[in-house]
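> Got a predicted structure plus its sequence, pasted below:
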Amino acid sequence: MDDAIRKFEKRHKAVTKRHRQMARGYVTKLGRNGVIQHQPRRQLPGLSVNTILMLVAGLLAFKSFLFVSLGEADYQSRIDALAQGTVIERTGAFIMQIDPATVWISTNIAPLLG
């Protein structure tokens, strides 16, 4: 009896998994034997707009905190040192350069940080 319950649970789990996949979308195809089959649509992992916006906001917050804690002169000297390095360091220097959004955020959070 225990074996029958395990087999039932395994089939039930497979059917539930397939149902969840089909709920996200499916494609109807005609099989070689003439039977119409529904197959789950393949979901490719991708970045959503919300994820990209959160990454940009996090980067701006990080840059602003560094800008406030180091000061403008020290921050710029570190960016200049990065700009003299390898391709990856130059890319980092380009991303971390002072921009109007960083300055605006840093002026607004400076009183909060003391």
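Received, thanks.

> drop to CA atoms for contacts and neighbour counts, all remaining ones
OK.

> which residue is nearest the centroid of this protein?
The chain has residue 51 as the residue nearest its centroid, 4.8 Å off, counting by CA atoms, centre = their mean.

> Buried residues, the strand or helix carrying that one. List them.
For residue 51, the host element (DSSP states H and E) is helix 49-70. The neighbour-count check on helix 49-70 (16 or more other CA atoms under 10 Å) flags 60-61, 63-68 as buried.

> Could you do stretch 39-47 as well?
So for stretch 39-47, counting by 16+ other CA under 10 Å, buried means residue 40.

> which residues touch it?
Contact partners of stretch 39-47, identified using CA atoms under 8 Å, 6 or more residues apart in numbering, comprise 18, 21-22, 24-29.

> 7 Å instead, please
Stretch 39-47 is contacted by residues 21-22, 25-28 when judged by CA atoms under 7 Å, 6 or more residues apart in numbering.

> mind putting those residues in a markdown table, pLDDT included?
Listed next are the contacts of stretch 39-47 as a markdown table, based on pLDDT from 0 to 100:
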| residue | pLDDT |
| --- | --- |
| 21 | 87 |
| 22 | 87 |
| 25 | 86 |
| 26 | 86 |
| 27 | 88 |
| 28 | 90 |
